[in-house]
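Participant: The following block contains a protein sequence and its predicted model.
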Amino acid sequence: MYLSRCLLLSLLWCLASVCTVHADAQIKIEKLVTKKYEQSIHVSCEVSYYLHDKVKEALHNGIMMSFITDLELIENTPNWFNQVQARYQKIYSIKYHALSKQFVVSMNGEDRSYPDLFSVFYQQTRLCDFRIGPISATQFSESVYLRAKVRLLTEALPLPLRIKSYLSKDWRPSSGWTVWPM
Amino acid sequence: MANVKREVLTSRWLLITLFAALVGAIFLMGDATQSVSYFGRLHNWLLPINTLLLAVFVSLIVHNISTLVGRLRRRDPGSKLTLRLVLLFTLTASTPVFIVYTFSIWLLERGVDSWFDVEVENALQDAVDLSRSSLDLHIRTLRQQVEPRIEDFSEVDQFNATLIINELLISTDVREVALFDEGNLMMASGHSEPTTEVPSLPGESVLQLVNQGERYIAVEPTLDEGLQIRMVYPIASSMPTGGNRFVQFLYPVSDRIGTLANNVQNSFGQYDELIYLRTPLKQNFILILTLVLALGALFAVFAAFYWSRVLVSPIQELAEGTKAVAAGEYKKKLIVPKDDDLGMLVISFNRMTERLAVARDTGIINQRIIENQRTYLQTILEYLSSGVISLDSSYNLKTSNAAASEVLNIDLSQFENKQIMQIGETHAFLKDFCVKLHNKIKCAEQDWQLELEVFTPQGTKTILCKSVSLPSEVESQRGFVLVIDDVTTLLQAQRDSAWGEVARRLAHEIKNPLTPIQLSAERLRRKILPTLQDEQSELVDRATNTIVQQVESMKHMVNDFSEYARMPTMEPYPLDLNILVRDIVELYKGDREHVHIDLDCYEQPLMIRGDSTRLGQVMHNLVKNAIEAMPGDELSAMNIHTYTCQLANTKYAGIKIIDNGPGIPQKLMARIFDPYMTTKIKGNGLGLAIVKKIIEEHNGHIQIENAEGSGAIVSIRFPLYSQTVKSRDNIEDDSE
């Protein structure tokens, strides 16, 4: 019985370690800037991307990748389950155009070309730019806060890479939820 | 056994379920590998299902291994066979699986690699390069058109800029022209299609480049999967504010060139993607193949456990049955599994246990019979008046009954398993007896009989020994049985009877002629004596006197004999023994000055049933004998006391007379009650014989023994009156 217990625990540990999200995130939301208007808020994020070379290599080899930015307006409640008052999402995909040697970023039905990945991730601000509203005055309270998360949409990866993303954290870049006050 | 059955049944269902799941997983795997797109649809399920199955198999196998290890440690029957079968099955199943796996991997590597061709790859790369060259050539042409006009935008105002733009739109193939000031704000713009209002702005990276004084010329893909050429030129400014103006030209790529270039781009892109995905794809195939192999192998191991259990289960049951039989449970019945070899074995086992049970039951019954017989014999032996002793072939005492101990006046139980000679060594008075017995047993081959005299502290005993040998084929069961009887009393009775007969005949034969002899002698004396002279007269006188005296003496003797032989004519009635003794002793007190009689009577009346005259005669005889036995020249003491005792549920009243005379010689002790046995010079030897006879007529008992030091002790006892009444009542009740 002792042997079987040990083996069972080892198996569970292996499964748990595979499923664990590691702390060394490859995407980091550095800053969340909000600008309040009468009935809306403009939110823009400052995101740093530290993608693994494997991911960059895949992009250079024409693999299309999609990133998703989730933004939620959360209200603190006395119970454990905080109330999500509003949820916003922005998806953009990046694909390398070999003929033009440009990275094409597609978002909201609009394409824009960039000569390199640096330009894609650092020299444009559209990737995390939200205007949320309408918001009532009561929502501008201390108990309401924002949280954002940027991650690679692994479900949109080509299948062979999708399995890799299940097994390797390098293929699951994510910022995790970053909380920001209103 | 029920647990094993239940376990096998559970395992069977589990095995079927897992087999179905495994087949399902492999089916999915087979379908998924048919095409990449289909694989994609299914693969989200494949991995978790297979991982779950894997975990289930691993858990089950770990459980089975753990159970098997436990059984091996406990040395359960069939555990080693299970281990061997599991190893055998696993090895047999795993070997081909691993061969197929290795071959599949090799085939997969070759198969996936065969999708790709270096020449195709090179051709596509060349096509891309060709397209780029074509576009570069086109760009060079366009540059020649626009670059001479750049300076025109250097310090023009918005109006003039618009004029220049319109001119360019008309004179060249440019689709859109836009002028931006130093603050990156658009000053003027124009589009070949007037309906388009918002110009396409350059990206941040382009702006940054231009602000650094660099030009930007690039082919860019458009939303409609076409191509456009973006040319952005910085314009040197003389304004003191710093910064550069810049102008952007957007040229469309012709549809023909664009379509061709896009086709090349798409083909190259897809092929490049496939090349990149080749390794992950192979890895995925190998992963899933390994998963299926692992599942198959684990299934084989689990199945090996199951089949081992199924095969070993009847053997295990047989082993348990054998263990039960060894523990004495002969009624153990095994369930016949199937009509196969093991089934026949189980049937034979069941028959064997049945026969063993019958044999065991018969044995128990026989043992009980023997036990009963033994108890019966033991009971008989215990209540037998004859002593029975059994000896083994080495003359060790094996068994003895209570009567044997009583006859020999020792406890024989302490000599069990000891040599018979040790009895003589421990008890000196039995030494001669044991030696004679031992020699007789040793020498005599046939059954024999021997009468031996033993001088016990209580007196001489005549013991009749009979020996029977126990023949047996087994040496340890050979031996002898000795039957010993104390015939002292019997011999005494025989002697008493003989003496009684003698006395009766004497009385009859001698007494009758004595009277005529006496009368004749007296007549002779009376008639002849006066006629004779002095000498003759004296002679006759002396002779007739002698005759008369001797006849008188003989008469007296004959009367004594007659008294001894006379049949009892008792007149019994209840009397107090204390009063009787006191009366008799009173007569002798002061009779002899040197004899002091000490009387100690029991504090309560000792009522017995008897003839006071005859019992008085007994007391007279005993007291007189004691007084006569004591030395006349010194002070002697005699102690008489009465008492009660209980022997074998019967209460007795007793008298004990102790003198300090010389006692009775040991050699006479055995025949002290015989008639004509006396130590006195003038005694006729009938006193004690008559005493004994009277006491026995009163159902009493007399015993004479020598006291320690000197003197004799005479003990007599009679049943108490209450006992005799009770006995009589019982007899009357029985007769009723």
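Facilitator: Yep, that arrived.

Participant: contacts, neighbours, all on C-alpha from now
Facilitator: Will do.

Participant: quick one: the helices in chain A?
Facilitator: Counting by DSSP state H, one finds helices in chain A at the ranges A:2-19, A:53-60, A:117-122, A:159-167.

Participant: Now do the buried residues in the shortest one.
Facilitator: I take that to be helix A:117-122. A:Leu117, A:Ser119, A:Val120, A:Phe121 (16 or more other C-alpha atoms under 10 Å in any protein chain shown).

Participant: Name the residue closest to the centre of chain A, please.
Facilitator: Geometric centre of chain A, nearest residue: A:Val150, 1.5 Å, by C-alpha atoms, centre = their mean.

Participant: Tell me how many other residues crowd the closest residue to that residue other than its chain neighbours.
Facilitator: In space, and not counting its chain neighbours, A:Val150 is closest to A:Thr69: 4.4 Å by C-alpha to C-alpha, 6 or more residues apart in numbering or on different chains. Neighbourhood size, A:Thr69 [other C-alpha atoms under 10 Å in any protein chain shown]: 22.

Participant: pLDDT score assigned to A:Thr69?
Facilitator: For A:Thr69, the pLDDT comes out at 90.

Participant: What of the one 4 residues further on?
Facilitator: On the pLDDT scale, A:Leu73 is placed at 85.

Participant: what's across from it in the sheet?
Facilitator: A:Ala86, A:Leu146 (DSSP bridges).

Participant: thinking again about what came up before, where does the residue nearest to the centre of chain A sit relative to chain B, distance-wise?
Facilitator: Separation of A:Val150 from chain B (C-alpha to the nearest C-alpha, to the nearest Å): 22 Å.

Participant: for that residue, what are its contacts?
Facilitator: A:Ile27, A:Lys28, A:Ile29, A:Phe67, A:Ile68, A:Thr69, A:Asp70, A:Ser174, A:Ser175, A:Gly176 (C-alpha atoms under 8 Å, 6 or more residues apart in numbering or on different chains).

Participant: Quick check: of those residues, which has the highest neighbour count?
Facilitator: A:Ser174 (27 neighbours).

Participant: what's near enough to touch that residue?
Facilitator: By C-alpha under 8 Å, 6+ apart, the neighbours of A:Ser174 are A:Ala25, A:Gln26, A:Ile27, A:Lys28, A:Lys149, A:Val150, A:Arg151, A:Leu152.

Participant: redo that, cut-off 7 Å
Facilitator: Listed by C-alpha atoms under 7 Å, 6 or more residues apart in numbering or on different chains, the contact partners of A:Ser174 are A:Ala25, A:Gln26, A:Ile27, A:Val150, A:Arg151, A:Leu152.

Participant: from these, which ones fall inside strands?
Facilitator: Per DSSP state E, strands hold the following members of the contacts of A:Ser174: A:Ile27, A:Val150, A:Arg151, A:Leu152.

Participant: I'd like these laid out as TSV, including pLDDT and distance to B:Leu377.
Facilitator: Shown next, in TSV, are these (pLDDT from 0 to 100; distance: C-alpha to C-alpha, whole Å):
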residue	pLDDT	distance to B:Leu377
A:Ile27	88	106
A:Val150	91	106
A:Arg151	91	104
A:Leu152	91	104
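
Participant: Can you add distance to B:Ser715 and give those residues back as CSV?
Facilitator: Putting the ones in strands among the contacts of A:Ser174 into CSV (distance: C-alpha to C-alpha, whole Å) gives the following:
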residue, distance to B:Ser715
A:Ile27, 128
A:Val150, 129
A:Arg151, 128
A:Leu152, 129
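
Participant: Just give me the closest of those residues to B:Asp611.
Facilitator: Each of the ones in strands among the contacts of A:Ser174 was checked against B:Asp611 using C-alpha to C-alpha; the closest is A:Arg151, at 137.8 Å.

Participant: Next up, the contacts around the closest one.
Facilitator: Applying C-alpha under 7 Å, 6+ apart, one finds that A:Arg151 lies in contact with A:Phe67, A:Ile68, A:Thr69, A:Pro173, A:Ser174, A:Ser175.

Participant: Could you do B:Pro574 as well?
Facilitator: Contacts of B:Pro574 (C-alpha under 7 Å, 6+ apart): B:Met607, B:Ile608, B:Arg609, B:Gly610, B:Tyr721.
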